[in-house]
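[1] how would this look folded up:
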Amino acid sequence: MRDISDFSRLPLLERRAVLEGLAVTLADTAELAASEGEDALEMVMRSVGLALREAADDLAASDVALAEDIAVRAMSLIMTFHARHPNLLSEPTLH
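    Down below sits the predicted model:
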């Protein structure tokens, strides 16, 4: 998977906003996963989303490389769900 373009060059507030947006999207996608019977994927997305929401500020400020890696992995989880359920792609997934 290709890294987020210029993530490390984003200002702190934008990096934090990207991470927080991904946390919200993970939570929303976890709800969809639960409704589709994807219990394991739902649990992982919910857990990662909660952890990301709590750590977004610190990650954005102190460890940009780790923040970028987590963002890529969060997007991978979201894409995995939508690859399994392409019929749900018409709903918005990023806020």
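[2] And residue 35, how far from residue 23?
    Remark: distance between residue 35 and residue 23 (CB to CB, to the nearest Å) = 20 Å. No exception for glycine: its C-beta is placed from N, CA and C like everyone else's.
[3] Surely residue 8 and residue 63 touch.
    No - using CB atoms under 8 Å, residue 8 is not in contact with residue 63, being 10.7 Å away.
[4] how far does stretch 56-65 sit from the chain's center?
    Centroid separation between stretch 56-65 and its chain, computed with CA atoms, centre = their mean, to the nearest Å, is 15 Å.
[5] Now do the buried residues in it.
    56, 59-60, 64 (16 or more other CB atoms under 10 Å).
[6] counting contacts, what elements does the one helix or strand residue 25 maps to pack onto?
    Assigned by DSSP states H and E, residue 25 belongs to helix 12-35. The contact analysis (3 or more CB pairs under 8 Å, 6 or more residues apart in numbering; DSSP states H and E) places helix 12-35 against helix 39-62, helix 64-84.
[7] got a list of what residue 56 touches?
    16, 19-20, 23 (CB atoms under 8 Å, 6 or more residues apart in numbering).
[8] Show me the shaky parts of this protein.
    Residue ranges of the chain with pLDDT under 70: 1-5, 89-95.
[9] Can you tell me what sits against the helix holding residue 25?
    By CB under 8 Å, 6+ apart, helix 12-35 touches 4, 7, 10, 39, 41-43, 45-46, 48-50, 52-53, 56-57, 59-61, 64, 67, 70-71, 74-75, 77-78, 81-82, 85, 88, 91, 93-95.
[10] For ChimeraX, write the select line for the buried members of those.
    The ChimeraX selection below is limited to those of the contacts of helix 12-35 classed as buried (16+ other CB under 10 Å):
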select :4,7,10,41,42,45,46,48,49,52,53,56,59,60,64,67,70,71,74,75,77,78,81,82,85,93
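[11] Surely residue 60 is in contact with residue 67?
    Yes - the criterion here is CB under 8 Å, and residue 60 meets it with residue 67 at 5.7 Å.
[12] Tell me how many other residues surround residue 35.
    Neighbours of residue 35 under the rule other CB atoms under 10 Å: 11.
[13] And the residue nearest to residue 52 when sequence neighbours are not counted, how far from residue 37?
    In this structure, residue 52 finds its nearest non-sequential neighbour in residue 23, 4.2 Å apart by CB to CB, 6 or more residues apart in numbering. Distance of residue 23 to residue 37, given as CB to CB: 23 Å.
[14] I am finished for the moment; much appreciated.
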